[in-house]
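Chemist: next comes the sequence, and after it the predicted model I'd like to discuss.
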Amino acid sequence: MRVLVLNAGYEPLHTVSVPHAIRMLLRRVAEIHESDTGAGYGLFPRPRSVRLLRYVVMKWRHSQPPRWSRRGVLKRDNHICAYCGRTATTVDHVTPVSRGGARTSWLNTVAACGGTSRSCNARKADRLPEEAGMRLRFAPRVPSWDELSPLVVL
């Protein structure tokens, strides 16, 4: 279970584990904003969200685009295959790495269905989409921080 961390002004920042949230409470850097009724964690009720006691400036986080990650590509593309529209389970390089494509570039990777010999990732293999007779349903792009945020509305 994850705990939502709110800034002192009630803006959502990120999520942490329950033990991490309890440590924040023990260090008195946060207070419980919302908790589960009946469920306890030591002396504290199990928190669903905690609020920081001091405001944290997060401008540095948004000064650069998010770092590339496999999980980020799947989230950016909503786990939808960029070639056929089915559920995506893997990441495909539009220009294969063996042909000079960037390994960790938002603009060279898309979500793709995989796992079988008939999947789009296997069909495309080490070719460009045009060479494999496949068409991208949407162009890869650099996502915003908000798109990749793990926060959930309580």
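Modeler: Right, received. Where do you want to start?
Chemist: all contacts plus neighbour counts: C-alpha atoms, from now on.
Modeler: OK.
Chemist: tell me which other helices or strands the lengthiest helix in the chain touches.
Modeler: The longest helix of the chain (DSSP state H) is helix 18-26. Applying 3 or more C-alpha pairs under 8 Å, 6 or more residues apart in numbering; DSSP states H and E, one finds that helix 18-26 contacts strand 2-6, strand 30-41, strand 44-52.
Chemist: now the ones you listed as TSV including mean neighbour count and mean pLDDT?
Modeler: Output for these, formatted as TSV (neighbours: other C-alpha atoms under 10 Å; pLDDT from 0 to 100):
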stretch	mean neighbour count	mean pLDDT
strand 2-6	23	93
strand 30-41	14	87
strand 44-52	21	94
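Chemist: between these, which gets nearest to residue 103?
Modeler: strand 2-6 (31.0 Å; C-alpha to C-alpha).
Chemist: return the distance of the residue of the chain most remote from its centre relative to residue 23.
Modeler: Distance to the chain centre peaks in the chain at residue 43, reaching 32.5 Å (criterion: C-alpha atoms, centre = their mean). Distance, residue 43 to residue 23, using C-alpha to C-alpha, to the nearest Å: 12 Å.
Chemist: likewise residue 65?
Modeler: Per C-alpha to C-alpha, residue 65 is found 30 Å from residue 23.
Chemist: next: residue 92.
Modeler: Distance of residue 92 to residue 23, computed by C-alpha to C-alpha: 40 Å.
Chemist: kindly report the same for residue 141.
Modeler: Taking C-alpha to C-alpha, one finds residue 141 at 38 Å from residue 23.
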